[in-house]
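>>> Predicted model, plus sequence, below.
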Amino acid sequence: MYESHSIPVERTAHYYTLGKTGKHIKRLWIVCHGYGQLASRIIQKFSELDDGATFIIAPEGLSRFYWEGVSGQVAASWMTKMDRLEEIADYTRFIRKIYDQYIEQFSEDTEITLFGFSQGCATQCRWIMREFPEFHNLVLWAGRFPEDLDYRPHREYFSSKKIYFVYGKQDQFLTNEFLDWQSNFAKEQYLKYETITFDGKHVIDRKVLKDLFLKTIG
């Protein structure tokens, strides 16, 4: 009879940044990509937010693979259903380390936005619920709240955060059933969010992103 074992090991994680650090930074965005994407690609979507007062960090999922077979385009994922709790713990430590490393380089009044696209939405929610970092805005773009988390005991914590749910009206992955579930689940968990829609599919629309950025800074 064989037995399963696990052992934590040190490994190299990757992330990309946009902007220059310093006390002049007014806004910090931490961006988590979706399944099958790379941090180097998603961060390019945020180029118009590089206004000299905004710093953007895009961590990359710890699991890389070939998108098609055994060669070609490389992609990344945050987790799978196998050993999921250990994978969540691994990427939580990764994101937390990045957060702690950079947050001390900015002033205390820097506004923090946590952004997730698709699978990255659950990634943001899961590390938030494990570490409860200080932040101001949570953007769930074309993704959902993880249904296995209980947010209700932390109602006060989330009451001070602004949550945005953004999606394209032609998104092939977001059915009416999905949208109804998201709305009902949020109500049950006392999570309030503002919905922003656009004409498009499962993508990050640059114009909508820029409008959202301007909205967060008032």
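Ah, there it is.

>>> going forward, measure contacts between C-alpha atoms and count neighbours the same way
Will do.

>>> would you list every one of the helices in the chain?
39-42, 84-103, 119-131, 155-159, 176-188, 206-216 (DSSP state H).

>>> By mean pLDDT, flag the weakest helix or strand of the chain.
In the chain, no helix or strand scores lower on mean pLDDT, DSSP states H and E than strand 63-68, which sits at a mean of 82.

>>> What residues of that one count as buried?
By neighbour count on 16 or more other CA atoms under 10 Å, the buried set for strand 63-68 is empty.

>>> Give the pairing partners of it; include direction for each.
As defined by DSSP bridges, the strand partners of strand 63-68 come to strand 71-77 (antiparallel).

>>> can I get the CA coordinates of the partner strand in PDB?
Provided in PDB are the C-alpha atoms of strand 71-77 (Å, rounded to 0.1, in the frame of the first residue of the first chain):
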ATOM      1  CA  SER A  71       5.300  22.600 -26.500                       C
ATOM      2  CA  GLY A  72       4.300  26.100 -27.600                       C
ATOM      3  CA  GLN A  73       2.800  28.800 -25.500                       C
ATOM      4  CA  VAL A  74       3.500  28.600 -21.800                       C
ATOM      5  CA  ALA A  75       0.700  29.400 -19.400                       C
ATOM      6  CA  ALA A  76       0.200  29.500 -15.600                       C
ATOM      7  CA  SER A  77      -2.400  28.500 -13.100                       C
END
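
>>> Mind checking the pLDDT average for it?
Mean pLDDT, strand 71-77: 85.

>>> Repeat that for stretch 18-37.
Across stretch 18-37, the average pLDDT comes to 96.

>>> Could you say which of the helices of the chain is packed most deeply?
helix 119-131 (a mean of 20; mean count of other CA atoms under 10 Å).

>>> how far does it sit from the chain's center?
7 Å (CA atoms, centre = their mean, to the nearest Å).

>>> Residue 167: neighbour count?
26 (other CA atoms under 10 Å).

>>> any idea how far it lies from residue 55?
24 Å (CA to CA, to the nearest Å).

>>> just residue 10 next, same as before
Applying CA to CA to residue 10 and residue 55 gives a distance of 27 Å.

>>> more crowded one of those two?
Regarding residue 10 and residue 55, a neighbour count based on other CA under 10 Å identifies residue 55 as having more, with 23 against 5.

>>> who touches the more buried one in this structure?
17-21, 25, 27-29 (CA atoms under 8 Å, 6 or more residues apart in numbering).

>>> Dig out what it forms beta bridges with.
According to DSSP bridges, the residues that bridge with residue 55 are residue 28.

>>> Quick check, pLDDT for it.
Per-residue pLDDT puts residue 55 at 98.

>>> same question, residue 218
So residue 218 comes in at 68 (pLDDT).
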